[in-house]
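Chemist: Sharing a model prediction with you, sequence too.
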Amino acid sequence: AALLSSSPALPMSSAVLDEAVAAAYPKWKRLLGLLWLGQVVSHLGDALFLTAIIFIAIEATGSKGAAGLVAGLKYAPAIIFGLFAGALVDRYDRRRVMLWADLLRAIAVGSIPILHATNTLNGITLSIAVFVLAMGATLFNPAIKAMLPEFTPPVHLTRAISLFQIAEYAAFVMGPLLASIVAPRLGNIHLLSVDAATFFFSAVCIALLPKTARRRQREESAPHKHDRDLLPLRRTIRDGFEGALKVMRVRPIAALVLVGTANNLLIMGLAHVAVPVLVYETLGLDLAAYGSTLKYFFLGMVIGSLLFWTFGRRLPKGPTILLGIVLDGLTFVPFAFCQTLTHVEWAQALHGLVIPLIIIPRTVLVQQVVPGHLHGRAFALINVTVFGMTALSNPLVGFLSEWVAVPTLFLWLGLLGALPGLCGLFLPHLRQTR
């Protein structure tokens with residue numbers, strides 16, 4: 001779950017900019033509330049998808065390894081197209097990008113129940129639908145992170161970020177509960193029908209937002225004279241690579257990307273594949289039981305976020321991120337010893353409690369050290385380290401689980417997942433970031 005961003009480098013004082021934004025958008029609280037409402041509902045749908053997809057994939061493919069590969073496709077576009085999506089977000093109207101991305105996601109996830117009803121749902125068709133769904137997310141995620149400052153006064157951005165963060169996690173707490181109500185009545189497959197409806201609702205909320213004034217962003221990202229003869233596709237590709245290079249020249253971000261990539265490759269498959277397999281096969285339980293464990297995971301994230309914003313806002317960002325990465329790995333180790341559903345639920349809550357130590361200071365760090373006109377590409381690059389490595393980690397853990405006991409995977413991959421955080425202590429540009 002990525003947070004929303006603000007621009008750290010502005011051509012005018014923050015007080016003057018606050019007055020300008022407030023004058024241009026006197027109803028910014030209502031606009032913020034509209035966007036927030038759409039995202040809360042959309043995140044409820046995301047929780048349903050997250051609860052159901054691994055079980056639907058196992059049913060469609062008949063293989064845990066293949067199911068892990070299908071689940072990994074949800075993140076593959078972040079590797080392939082993430083940087084170019086960030087360039088599009090920085091160049092074009094972010095509201096329209098978000099609107100079309102939501103419609104694309106609604107169609108993609110809504111096609112899965114239709115394929116199931118027509119007996120054409122298999123590994124290939126499910127993979128295509130999941131990949132298209134992920135294409136929409138690859139565009140939407142950096143767009144919403146970069147859009148919030150367009151109608152929210154900078155003085156209120158931190159409060160707005162925390163509001164979206166906690167609301168997202170709360171939606172994921174409620175999502176498994178909703179799944180436990182919907183699935184017994186409509187079937188697992190129609191959790192995705194409800195998910196499609198939530199994307200349409202989010203699209204309506206976005207469509208009701210005004211066309212925000214983006215003169216400053218347009219001027220900063222406008223093509224140079226010698227670029228205007230380039231075709232849009234070539235210009236986007238070039239902007240994606242050049243923007244990524246500019247972001248990576250910011251040394252704390254380069255260190256963060258390196259450490260985050262290694263950590264996510266080792267542990268993301270544990271969260272998305274090994275935990276469902278533990279519940280489904282080792283404990284012999286069902287989707288409702290797995291949904292219950294997710295509820296505890298996101299409840300832990302809600303509590304962790306509240307604790308961080310209450311007590312941790314002044315902690316040094318670099319060391320806090322590194323501590324969070326170490327704990328991210330170590331809190332998977334207790335799963336190796338879980339023998340009941342209650343054990344898994346408490347292990348999920350403990351793991352969720354430490355995730356905000358990474359997400360919140362990471363977002364603030366990007367806000368502070370990356371120029372505002374590169375925010376789309378900066379957050380796209382962060383998405384590559386999270387979603388992109390998940391696309392590799394999910395099938396890796398899925399195939400390993402065919403040969404290695406799942407508790408053993410939790411023990412060793414959890415310990416290995418803590419190592420990048422410890423190694424990060426030797427990177428002064430990240431360790432010394434305050």
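Modeler: Looks like it came in fine.
Chemist: confidence score at R185?
Modeler: Per-residue confidence at R185 stands at 81 (pLDDT).
Chemist: Look up how far L278 lies from it.
Modeler: As judged by C-beta to C-beta, to the nearest Å, R185 and L278 stand 26 Å apart. For glycine as for every other residue, the C-beta is placed from the backbone atoms N, C-alpha and C.
Chemist: between the two, who's got more neighbours?
Modeler: Under the criterion of other C-beta atoms under 10 Å, the comparison of R185 against L278 puts L278 first, with 25 against 7.
Chemist: now that one, nearest residue through space, not along the chain?
Modeler: Closest residue to L278 apart from its sequence neighbours, by C-beta to C-beta, 6 or more residues apart in numbering: V406 at 5.1 Å.
Chemist: how about that neighbour, what does it touch?
Modeler: By C-beta atoms under 8 Å, 6 or more residues apart in numbering, the contact list for V406 reads A274, V277, L278, E281, T282.
Chemist: What residue, apart from its backbone neighbours, is nearest the last one spatially?
Modeler: Nearest residue to T282, sequence neighbours excluded (C-beta to C-beta, 6+ apart): V406, at 5.8 Å.
Chemist: Show the pLDDT at the one you found.
Modeler: Value for V406, per-residue pLDDT: 90.
Chemist: Secondary structure element holding the closest residue to V173 other than its chain neighbours?
Modeler: Closest residue in space to V173, ignoring its immediate chain neighbours: F298 at 4.4 Å, by C-beta to C-beta, 6+ apart. Per DSSP states H and E, F298 falls inside helix 287-311.
Chemist: Run the chain-centre distance for that helix.
Modeler: Remark: helix 287-311 is offset 15 Å from the chain centroid, using C-alpha atoms, centre = their mean, to the nearest Å.
Chemist: next structured bit after that helix?
Modeler: helix 317-330.
Chemist: what packs against that next one?
Modeler: helix 251-269, helix 341-354, helix 356-369, helix 406-423, helix 428-431 (3 or more C-beta pairs under 8 Å, 6 or more residues apart in numbering; DSSP states H and E).
Chemist: what sits against L121?
Modeler: Counting by C-beta under 8 Å, 6+ apart, L121 has contacts A60, I112, L115.
Chemist: ok, back up a step: buried ones from the contacts of V406, can you make that a ChimeraX selection?
Modeler: Buried residues among the contacts of V406 (16 or more other C-beta atoms under 10 Å), as a ChimeraX selection:
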select :274,277,278
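Chemist: okay if I get the contacts of V406 as a markdown table plus distance to S180?
Modeler: Formatted as a markdown table, those follow (distance: C-beta to C-beta, whole Å):
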| residue | distance to S180 |
| --- | --- |
| A274 | 22 |
| V277 | 20 |
| L278 | 18 |
| E281 | 20 |
| T282 | 21 |
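Chemist: I'd like the contacts of V406 written out as JSON lines, with secondary structure added.
Modeler: Listed next are the contacts of V406 as JSON lines, based on DSSP: H, G, I helix; E, B strand; the rest coil:
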{"residue": "A274", "secondary structure": "helix"}
{"residue": "V277", "secondary structure": "helix"}
{"residue": "L278", "secondary structure": "helix"}
{"residue": "E281", "secondary structure": "helix"}
{"residue": "T282", "secondary structure": "helix"}
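Chemist: returning to what we had before: okay, now the residue nearest to V173: neighbour count?
Modeler: 26.
Chemist: That one against I355, yeah?
Modeler: No - using C-beta atoms under 8 Å, F298 makes no contact with I355, being 9.6 Å away.
Chemist: Would you mark the buried spots in the helix holding F298?
Modeler: Buried-residue list, helix 287-311, by 16+ other C-beta under 10 Å: 287-305, 308-309.
Chemist: State the next helix or strand along the chain beyond the helix or strand of the chain with the lowest mean pLDDT.
Modeler: Of all helical and strand segments in the chain, the minimum by mean pLDDT, DSSP states H and E falls on helix 215-221, at a mean of 44. Per DSSP H and E, the first helix or strand lying C-terminal to helix 215-221 is helix 232-248.
Chemist: Contacts made by that next one with the rest, please.
Modeler: In contact with helix 232-248 (C-beta under 8 Å, 6+ apart) are residues 83-84, 86-88, 90-91, 223, 227, 230, 253-254, 257, 370, 374, 376-378, 381.
Chemist: Mark which of those are buried, thanks.
Modeler: Here, 16+ other C-beta under 10 Å leaves 83-84, 86-88, 90-91, 253-254, 257, 370, 374, 376-378, 381 buried among those.
Chemist: pretty sure S305 contacts A167?
Modeler: No - the criterion here is C-beta under 8 Å, and S305 misses it with A167 at 10.0 Å.
Chemist: and the lengthiest helix in the chain, average pLDDT?
Modeler: In the chain, with assignment by DSSP state H, the single longest helix is helix 28-61. The pLDDT scores in helix 28-61 average 84.
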